Each structure stands twice: as C-alpha cells, then as structure tokens.
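Chemist: I would like to see how this sequence folds:
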Amino acid sequence: MARTTKASNAVQRLKERATNGTYSMVSQADGRFYLSLSSAAAAPQTCCAPMEIDEFVRFVNGVEKGPAKKLSKLDVAFEKKLAISRNQT
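Modeler: Numbers count the residues shown, from 1 in each chain. Predicted structure coming up:
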C-alpha cells in the first residue's frame with residue numbers, strides 16, 4: 001500500500017504542475033505502473049511502458065518541471081557570500 005502511495009503522490013504533484021492535460025496512474029496486477037495522459041479532444045494516451053515503482057516515480061518527476069523555486073533575501077545574500085568566498089580562494 002505504501003508503494004502505491006509513493007507513486008500516486010508523484011502523479012498528484014505532476015497534476016499540480018501540468019498544463020496540457022490530465023495525468024493518471026495505472027497500476028497493473030504485477031505491481032508495475034504506467035502513466036496515462038487524457039485530454040478533452042482525444043482518447044487517453046499511454047506515456048510510458050509499465051515500470052517498477054522507483055523507475056516510475058523518477059519518470060513522473062521528470063515529465064514536466066515545476067516553476068523555479070523562489071529565493072528569499074537571506075538565500076540571495078548567502079549565495080553572494082558563497083560566490084565571494086569562492087573567488088577569494
């Protein structure tokens with residue numbers, strides 16, 4: 001059950017950042033998963049071959065990249081200090 005949750009959480013994150021359709025996870029009886037994409041205009045498409053859980057989660061995480069992480073003022077200041085210390089050595 002926890003393995004399925006890991007895969008479904010990855011698909012849920014993908015759904016939150018997807019812009020071109022609705023993704024869903026299909027679980028097979030042998031324990032492998034594959035990703036399906038459906039849109040209003042066409043029948044669902046299979047996005048990948050059936051995969052083991054860890055491979056499937058890596059694949060899903062790489063399908064659509066999310067927006068760049070926002071940096072705080074402290075993060076920016078820390079990066080500046082790191083750059084300065086790297087240039088001095």
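
Chemist: how about low-confidence regions in this structure?
Modeler: In the predicted model, the chain carries pLDDT under 70 at residues 1-3, 21, 66-68, 89.

Chemist: strands of the protein, start to end?
Modeler: 22-27, 33-38, 45-46 (DSSP state E).

Chemist: need these in JSON lines with distance to residue 75, can you?
Modeler: For glycine as for every other residue, the C-beta is placed from the backbone atoms N, C-alpha and C. As requested, the strands of the chain are exported to JSON lines (distance: least, Cβ to Cβ, whole Å):
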{"stretch": "strand 22-27", "distance to residue 75": "31"}
{"stretch": "strand 33-38", "distance to residue 75": "33"}
{"stretch": "strand 45-46", "distance to residue 75": "39"}
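
Chemist: what's the span of stretch 61-70, first residue to last?
Modeler: Terminal residues of stretch 61-70 are spaced 19 Å apart (Cα to Cα, to the nearest Å).

Chemist: leaving out the residues flanking it, which one is nearest to the residue nearest the centre of the chain?
Modeler: Nearest residue to the geometric centre of the chain (Cα atoms, centre = their mean): residue 61, 2.3 Å. Setting aside the residues directly before and after it, residue 61 is nearest to residue 10 in space (Cβ to Cβ, 6 or more residues apart in numbering), at 6.0 Å.
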